[in-house]
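*Asks:* Sequence first, predicted model second:
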Amino acid sequence: MISEVVYIVLGIFLGCIGLMTLYLKARSAYSKQEDIRAEKEKTIVLELLHAFMHAISQGVSQRQFYHLILHGSLVSTEGMSACFYEYFPDSKQLKKVANEGLFPPLKTKIPDHLSRAEILSLIHQGEVFHYGEGIVGEIAQTLCPVILAADNIDRYVVHHSDATLRIKNLLIFPVYFRNELLGVLAVANSTRDVPFSKSTCHLLELITQQAGIMLHNVKYLNFQIEKSKLDFDLKLASHVQSFLLPCSNLIKLSHCDFFAYCKSAQQIGGDFYTLFKLDDDRTAFVVADVAGKGIAASLLMTTCVAHLKHCTFLYNSPAAVLKTMNKYLYAETSQEMFVTMVYCVLDTSHQTLKVSRAGHECPLLIKPDLPIQRLMPQGIGLGMVPSEIFDNLIEEATYDFKRGDTCILYTDGVTEALNAQNQEFSQQNLFKVVDENRSKQPKELVQKIVESVKDFSGSDRLSDDLTLVIFR
């Protein structure tokens, strides 16, 4: 009897050992499979990451990068089709911008009667979801992935009659970097015709995380490239613009002393000055200010310089030059883009200064021992009104200009320069600086005015383009 009990106990003990051995073997096999799966996931992600980095180094566009994400997602998940919805924060919309395979619309049913070509056309059209709308908009809002299977998919996406367009399984994952939503990635149907596994979902999550980082870098890199291109173009435009302005250090006029200063608030600007030696005794001085700053103002400034070179030698009268300039500019520009200009002709043989002013700051005339005089012939900005109005408004005035007299031409960048309290430098301060330094030569007087404006502003950075021309 005892021996039977011993045999039973021994049998139970050996059975337990056998079961334990099988369990440990199964566990070891499962652990190896998990290690193999983890290693495979790691290899897939690293290879895709390498592909992402290579694409970025080659200067891939954002749209091309979307297709790279889609291709990597399909290969990794063994999905049949995929698409990417880019997020546009300004309109709060998610637009289908790229797809691989026959990824069908998620919210618009394709009619049954359409031909295959028409179906393909609809598939490639950009489906749009508003932020929070439908399954795509909801994922964009929550930043939580969704896995849809056959039992619940019809609640979220439309059912297409065409078998090739029917969605049986769907993975939808947000693509974001930190808290910046970049888009939504969707992968439909497994090529093995089975639901996506947990490991596949985990793999796609890793891919979208890396894609978010890389896509952020692509956007930033492309932005920097475009900015660098624009900076280069602006520098080139600034360089070209500088050739259009005469260098006062290199200009020598036998009948008068002259100096000019012109600085843009941005890389390129709308202020300009120029001078034309008409003959041995006569020189035309011009200062102008194009409405606005930047590229548009620079382009109009270039147009003005070109027309001035043509008009100046056609007429002896400053008013006649401005009338012709207005005719050209009114026909070529919108009324929002206009130019203020002062045009002076110094005649040393007759000791006169002829002045016409198209809505510009009044020139200042300085005579020894006399108060500073503002020269105020009437006029309106160039390009604002047609010739029949402009020609009746423009005036030309002639002033005595003897040896020792000084004329100052300037733009509103001088008088309207702002300080930290948003106060303007003002014409009163300009008069004060000029009066205190009236005996100085043009170059020194220009330097004194510019220094005073900078001291007032508290910075070398200008709030507007600033131009000064002084001749004596």
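*Replies:* Received the coordinates, thanks. Given the structure is predicted, the values throughout are model-derived calculations rather than measurements. Residues are numbered from 1 along each chain as shown.

*Asks:* Let me see the domain layout of the protein.
*Replies:* 40-222, 247-471 (automatic domain parsing).

*Asks:* Work out the gap between the longest one and the centre of the chain.
*Replies:* What that stands for is domain 247-471. Distance of domain 247-471 from its chain centroid, counting by C-alpha atoms, centre = their mean, to the nearest Å, is 32 Å.

*Asks:* tell me the average confidence for it?
*Replies:* Computed over domain 247-471, the mean pLDDT rounds to 86.

*Asks:* do stretch 190-202 as well
*Replies:* 83.

*Asks:* Which positions in it come out as buried?
*Replies:* 190, 195-196, 200-201 (16 or more other C-beta atoms under 10 Å). C-beta here means a position set from N, CA and C on the backbone, and glycine is covered the same way.

*Asks:* ditto for stretch 364-375
*Replies:* Those would be 364-367, 372, 375, for stretch 364-375 by 16+ other C-beta under 10 Å.

*Asks:* Taking those, tell me the two that lie furthest apart.
*Replies:* Spatially, the most separated pair among the buried residues of stretch 364-375 is Lys367 and Leu375, at 12.0 Å (C-beta to C-beta).

*Asks:* just checking, Ala260 touches Leu468?
*Replies:* Yes. Using C-beta atoms under 8 Å, Ala260 is in contact with Leu468, at 6.6 Å.

*Asks:* Quickly list what's touching both of the two.
*Replies:* Val446 (C-beta atoms under 8 Å, 6 or more residues apart in numbering).

*Asks:* and the helix or strand hosting Gly72, how far from the chain's centre?
*Replies:* Following DSSP states H and E, one finds Gly72 within helix 62-77. Distance, stretch centre to chain centre, for helix 62-77: 27 Å (C-alpha atoms, centre = their mean).

*Asks:* and the next helix-or-strand element following that helix, what does it pack onto?
*Replies:* Remark: after helix 62-77, the chain's next helix or strand is strand 79-88, criterion DSSP H and E. Helices and strands touching strand 79-88, by 3 or more C-beta pairs under 8 Å, 6 or more residues apart in numbering; DSSP states H and E, are helix 62-77, strand 93-100, helix 134-142, strand 180-190.

*Asks:* Just the helices from the protein, written as ranges.
*Replies:* 2-57, 62-77, 116-123, 134-142, 198-244, 294-311, 318-332, 387-393, 412-415, 426-436, 442-457 (DSSP state H).

*Asks:* Could you check the angle the third one makes with strand 93-100?
*Replies:* In other words, helix 116-123. 140 degrees (axes from the mean of the first three to the mean of the last three C-alpha atoms, to 10 degrees).

*Asks:* Would you mark the buried spots in helix 116-123?
*Replies:* Under 16+ other C-beta under 10 Å, the buried positions of helix 116-123 are 119, 123.

*Asks:* if we can go back for a sec, which of the helices and strands packed on strand 79-88 sits closest to Gly381?
*Replies:* Gly381 lies closest to strand 93-100 among the helices and strands packed on strand 79-88, at 42.0 Å (C-beta to C-beta).

*Asks:* Could I get the average pLDDT for the closest one?
*Replies:* Strand 93-100 carries an average pLDDT of 90.

*Asks:* For it, buried residues please.
*Replies:* Using 16+ other C-beta under 10 Å as the test for burial, strand 93-100 gives 93-94, 96-100.

*Asks:* do stretch 312-320 as well
*Replies:* With burial defined by 16+ other C-beta under 10 Å, the residues of stretch 312-320 counted as buried are 312, 318-320.

*Asks:* ok, now stretch 437-457?
*Replies:* Residues 437, 440, 442-443, 445-447, 449-450, 452-453, 456-457 are the ones in stretch 437-457 that count as buried (16+ other C-beta under 10 Å).

*Asks:* cool, and stretch 153-170?
*Replies:* 153, 156-157, 160, 165, 167, 169-170.

*Asks:* what's the most distant pair in those residues?
*Replies:* Largest separation among the buried residues of stretch 153-170 by C-beta to C-beta: Tyr156 and Leu165, giving 15.6 Å.

*Asks:* contacting residues around the closest residue to Lys402 other than its chain neighbours?
*Replies:* Of all residues not flanking Lys402 in the chain, Gln351 sits nearest, at 5.2 Å (C-beta to C-beta, 6 or more residues apart in numbering). Gln351 is in contact with 400-403, counting by C-beta under 8 Å, 6+ apart.

*Asks:* ditto for Arg374
*Replies:* By C-beta under 8 Å, 6+ apart, the neighbours of Arg374 are 362-365.

*Asks:* try Leu102
*Replies:* Leu102 is in contact with 80-81, 120, 123, 164-165, counting by C-beta under 8 Å, 6+ apart.

*Asks:* Closest one of those to Val385?
*Replies:* Nearest member of these to Val385, counting by C-beta to C-beta, is Ile123, at 55.4 Å.

*Asks:* how far does stretch 340-358 stretch from start to finish?
*Replies:* 5 Å (C-alpha to C-alpha, to the nearest Å).

*Asks:* how about it: buried residues?
*Replies:* Within stretch 340-358, the residues that count as buried by 16+ other C-beta under 10 Å are 340-348, 352-358.

*Asks:* do the same with stretch 178-190
*Replies:* Within stretch 178-190, the residues scored as buried using 16+ other C-beta under 10 Å are 181-190.

*Asks:* Please report how far Gln141 lies from Arg178.
*Replies:* 16 Å (C-beta to C-beta, to the nearest Å).

*Asks:* How about Glu396?
*Replies:* Distance from Glu396 to Arg178, counting by C-beta to C-beta: 65 Å.
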